[in-house]
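**Q** Here's my sequence, what's the structure:
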Amino acid sequence: MGRCTICNNQFSDGVQCSACGKQLDFGCAGLTEAGWRRLGTDRRSAWRCPSCRTVERDGVVIRRNQISFHPPVLHCCKKGLTGQSHVHTARVKLAASIGLECRDIAYIVNMEVHLGYKSVELCSSMIFGAAAPPVTPGIHVTCHYKMIREIKLQMAEFHEIKDKLDYLPNLVEEIKSMKADIADLKKSCNFSAGLIDDLKGRLSAAEDKINNLNSQLSNSEQRSRLNNVEIKGVPSRKDENLFQIAEAICREIGYSFPKTQINNISRVPTYNSKEKAIVICFLNRYIKEDFISAARNHKLLKAEDLGFHGSQQRVFVNDHLNSESKQLLNKVKQTAKEKKYAYVWVKFGKIHVRKNDNSGVFIVNKLSDLNKFV
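**A** As a prediction, this is how the structure comes out:
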């Protein structure tokens, strides 16, 4: 337990001035218990009582210990209250009615008593600023210092803002941490982007290699067919003799060759067609080329000419091309028609193109060669 130096009342918890060493209860010290706790250790150790504080304005220094701040004698001319107990009761009621603390009213009233109204007005201006109301005789404390209540409200707002600002360092640290995480994420993305670019390069190289291998495979497959002739348009019969059909074609086109020059003859399926084509594999490539040339010179060969009576179906004799070469040939024919090229033919498995009788011949091996058309 302690005893207040000003009101001589005992208290269980209070404050001590760092300048004069006096012990005061919270009411006489002008503090609330919550406000005292909020000051922190450093500010509590440096706290001074109202008597030891100094107020300075415009070069004038007024020490509050120059003002009698003993247990206040509250001069209330209308009530006529004197004595410490009555004064304390009146002070508490007046403070409660206007929302102030007792210390504020006691301090202002003591200033009126000891310094006079003009001096109090000067001190009020020094303490509260230009916004303080003038101190004039006959005006109650309630009217004079409503500004104190406004200041207290502003101080409460200030403490609220201060509490919010106390979180600002933590927020700054969180932002720094987020920036670091974003920087790491950016590095990871850049690394991933580098890997993706590398994979794109490898994929492009692999695609080029695959295309090259496919081209080589297609060329190899086509070379294996250089001695083959494909005959389309010949109707199928049960128990047919393909050698006899080949001899009938030779008679019709006016070209003959020994039967021994045929290595193999058979029917093969045709893409997107129910009919099967006849493929003749010759032993001699030049005999195969002469056979195709004689068939082309005949121009119009029908199944009826081969013994299929009543069938007006045309018969076509061409090189035996693989699927890639056939697709390329179709595109070449379409482009030649658009560009008005007169001749497109196949010889030795190669697609030949010529615009007219006076122009040169060029070979189309791949799709990019279509750019040769002018």
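
**Q** mind listing what's buried in stretch 336-354?
**A** Ala336, Tyr341, Val344, Trp345, Val346, Gly349, Ile351, Val353, Arg354 (16 or more other Cβ atoms under 10 Å). Heads up, the C-betas are built off the backbone N, CA and C, glycines and all.

**Q** Spatially nearest residue to Ile6, not counting backbone neighbours?
**A** Cys28 (4.2 Å; Cβ to Cβ, 6 or more residues apart in numbering).

**Q** where does that neighbour fall, helix, sheet strand or coil?
**A** helix (DSSP: H, G, I helix; E, B strand; the rest coil).

**Q** shift numbering so it begins at 464
**A** Noted, 464 is the first residue going forward, which turns the last one into Cys491.

**Q** Was I right to think it contacts Arg466?
**A** No. Assessed by Cβ atoms under 8 Å, Cys491 is found out of contact with Arg466, at 11.2 Å.

**Q** Among these two, which residue is more densely surrounded?
**A** Legend: neighbour count by other Cβ atoms under 10 Å for Cys491 and Arg466, higher for Cys491 (26 against 13).

**Q** residues contacting that one?
**A** By Cβ atoms under 8 Å, 6 or more residues apart in numbering, Cys491 lies in contact with Cys467, Thr468, Ile469, Cys470, Arg566.

**Q** just for the stretch 614-763 of the chain, where's the confidence low?
**A** By pLDDT under 70, the stretch 614-763 of the chain has no low-scoring segment.

**Q** ok, back up a step: save the contacts of Cys491 as JSON lines, and put in pLDDT and secondary structure too.
**A** Shown next, in JSON lines, are these (pLDDT from 0 to 100; DSSP: H, G, I helix; E, B strand; the rest coil):
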{"residue": "Cys467", "pLDDT": "90", "secondary structure": "coil"}
{"residue": "Thr468", "pLDDT": "87", "secondary structure": "coil"}
{"residue": "Ile469", "pLDDT": "86", "secondary structure": "coil"}
{"residue": "Cys470", "pLDDT": "87", "secondary structure": "coil"}
{"residue": "Arg566", "pLDDT": "55", "secondary structure": "helix"}
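
**Q** a markdown table for those residues, including distance to Thr733 and neighbour count?
**A** Listed next are the contacts of Cys491 as a markdown table, based on distance: Cβ to Cβ, whole Å; neighbours: other Cβ atoms under 10 Å:
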| residue | distance to Thr733 | neighbour count |
| --- | --- | --- |
| Cys467 | 118 | 20 |
| Thr468 | 121 | 18 |
| Ile469 | 120 | 21 |
| Cys470 | 120 | 17 |
| Arg566 | 113 | 20 |
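
**Q** Quick check: the farthest pair among those?
**A** Pairwise distances across these (Cβ to Cβ) peak at 14.2 Å, for the pair Thr468 and Arg566.

**Q** And the protein, what are its domain boundaries?
**A** What the record gives for the chain is the domain set 465-628, 630-686, 689-783, 784-837, from automatic domain parsing.

**Q** Can you give me the end-to-end span of the shortest one?
**A** Domain 784-837 has its terminal residues 26 Å apart, counting by Cα to Cα, to the nearest Å.

**Q** Confirm that Asp832 sits in a helix.
**A** Yes. Assessed with three-state DSSP, Asp832 lies in a helix.

**Q** And the strands in this protein, which stretches?
**A** Counting by DSSP state E, the segments of the chain that form strands are 465-466, 473-474, 478-479, 486-487, 517-520, 523-526, 691-695, 725-732, 739-745, 779-782, 806-810, 813-817, 824-827.

**Q** Minimum distance to Gln679: which of those strands has it?
**A** Going by Cβ to Cβ, the one of the strands of the chain nearest Gln679 is strand 813-817, 16.0 Å.

**Q** Next, the angle from the closest one to strand 806-810.
**A** 160 degrees (axes from the mean of the first three to the mean of the last three Cα atoms, to 10 degrees).

**Q** Next, the contact list for Phe474, please.
**A** Per Cβ under 8 Å, 6+ apart, neighbours of Phe474: Met464, Gly465, Arg466, Cys467, Asp488, Phe489.

**Q** What residues are bridge-paired with the second one?
**A** Read that as Gly465. Note on Gly465: beta-bridge partners Phe474, judged by DSSP bridges.

**Q** before we move on, what about Val827?
**A** Ile814.

**Q** So it versus Gly812, what's the distance?
**A** Using Cβ to Cβ, to the nearest Å, Val827 is found at 12 Å from Gly812.

**Q** One more: Met464?
**A** 119 Å.

**Q** Lys695 too?
**A** Taking Cβ to Cβ, one finds Lys695 at 17 Å from Gly812.

**Q** now the helix ranked longest in the chain: how far from the chain's centre is it?
**A** Secondary structure assigned by DSSP state H gives helix 631-686 as the longest helix of the chain. Distance of helix 631-686 from its chain centroid, counting by Cα atoms, centre = their mean, to the nearest Å, is 17 Å.
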